[in-house]
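**Student:** 3D model of this:
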Amino acid sequence: MKAKYRLIALCAAICIMALALAGCSGADSGSNDASSGSQDAGSSSSAEQNNEPAQPEAPAEITFDTPFEFDGLTITLGSGIQTATLENQFSDHDGATVIAIPISVTNNSDETKGLNMFYYKAFGPSGTQLEDVSSFFSDSNIGFAGDARPGATIESTMHVLYEDNGDYFIVFDNLIKDKVEVKLPIAL
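**Tutor:** Presented below is the predicted three-dimensional model:
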């Protein structure tokens with residue numbers, strides 16, 4: 001029982017130290033130094049005057065054939081979608097229509113890696129999460145494609161249950177820092 005309490009105390013101490021360090025590093029970033037010199041009005045942005053980097057523009061909407069960065073990978077969902085029928089008598093979705101979306105994944109990291117099948121979810125036009133059907137298409141599904149060496153590209157397919165015509169969303173989230181949402185307008 002003592003070990004449990006020690007572990008809880010250690011976790012609490014680590015959290016407090018992390019919060020304290022975050023507070024210390026952010027405390028100096030907002031200070032203005034009057035000795036930095038004056039500039040003519042309108043000659044530069046207020047971000048440059050405060051020695052702050054300019055804020056990046058909001059990225060354009062990510063959709064078909066738009067490459068994006070996620071978890072050290074460059075991912076592109078292709079517009080050449082096809083349909084398939086889920087054929088498995090033991091599945092509640094036997095006979096259901098499935099959308100087969102071409103996907104390209106390039107490893108930009110310095111280590112061997114691939115797209116973790118637990119890092120993406122599909123949502124249908126109704127806004128609800130669609131059940132994962134990748135196990136029924138294991139021979140060509142990105143979830144089972146494996147890893148790639150640095151610089152290598154995996155070409156595969158992402159299978160999503162067809163709900164109805166409309167906007168589908170694929171949300172990529174590695175639960176650490178990267179989160180990307182891809183909007184796919186689909187009409188069959």
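
**Student:** now the strands: where do they sit in this protein?
**Tutor:** Counting by DSSP state E, the chain has strands at residues 68-70, 73-77, 82-85, 97-107, 120-123, 153-161, 166-173, 179-186.

**Student:** shouldn't D164 be in contact with G124?
**Tutor:** Yes: with contact defined as CB atoms under 8 Å, D164 reaches G124; the gap is 7.0 Å. To be clear about C-beta, it is placed using only N, CA and C from the backbone, and glycine gets the same treatment.

**Student:** ok, back up a step: closest to K113 out of the strands of the chain?
**Tutor:** Minimum separation from K113 across the strands of the chain (CB to CB) falls at strand 97-107, 5.8 Å.

**Student:** what packs against that closest one?
**Tutor:** When contacts are defined as 3 or more CB pairs under 8 Å, 6 or more residues apart in numbering; DSSP states H and E, strand 97-107 sits against strand 73-77, strand 82-85, strand 153-161.

**Student:** any chance of the strands of the chain in JSON lines, plus distance to D147 and mean neighbour count?
**Tutor:** Output for the strands of the chain, formatted as JSON lines (distance: least, CB to CB, whole Å; neighbours: other CB atoms under 10 Å):
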{"stretch": "strand 68-70", "distance to D147": "15", "mean neighbour count": "16"}
{"stretch": "strand 73-77", "distance to D147": "11", "mean neighbour count": "20"}
{"stretch": "strand 82-85", "distance to D147": "25", "mean neighbour count": "12"}
{"stretch": "strand 97-107", "distance to D147": "8", "mean neighbour count": "19"}
{"stretch": "strand 120-123", "distance to D147": "16", "mean neighbour count": "19"}
{"stretch": "strand 153-161", "distance to D147": "8", "mean neighbour count": "19"}
{"stretch": "strand 166-173", "distance to D147": "17", "mean neighbour count": "17"}
{"stretch": "strand 179-186", "distance to D147": "20", "mean neighbour count": "16"}
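
**Student:** output these in a markdown table; the columns should cover distance to V133.
**Tutor:** Shown next, in a markdown table, are the strands of the chain (distance: least, CB to CB, whole Å):
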| stretch | distance to V133 |
| --- | --- |
| strand 68-70 | 22 |
| strand 73-77 | 17 |
| strand 82-85 | 10 |
| strand 97-107 | 6 |
| strand 120-123 | 9 |
| strand 153-161 | 5 |
| strand 166-173 | 14 |
| strand 179-186 | 15 |
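
**Student:** need these in a markdown table with distance to D139 and mean pLDDT, can you?
**Tutor:** Shown next, in a markdown table, are those (distance: least, CB to CB, whole Å; pLDDT from 0 to 100):
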| stretch | distance to D139 | mean pLDDT |
| --- | --- | --- |
| strand 68-70 | 24 | 96 |
| strand 73-77 | 20 | 97 |
| strand 82-85 | 12 | 94 |
| strand 97-107 | 12 | 97 |
| strand 120-123 | 19 | 97 |
| strand 153-161 | 10 | 96 |
| strand 166-173 | 21 | 97 |
| strand 179-186 | 23 | 96 |
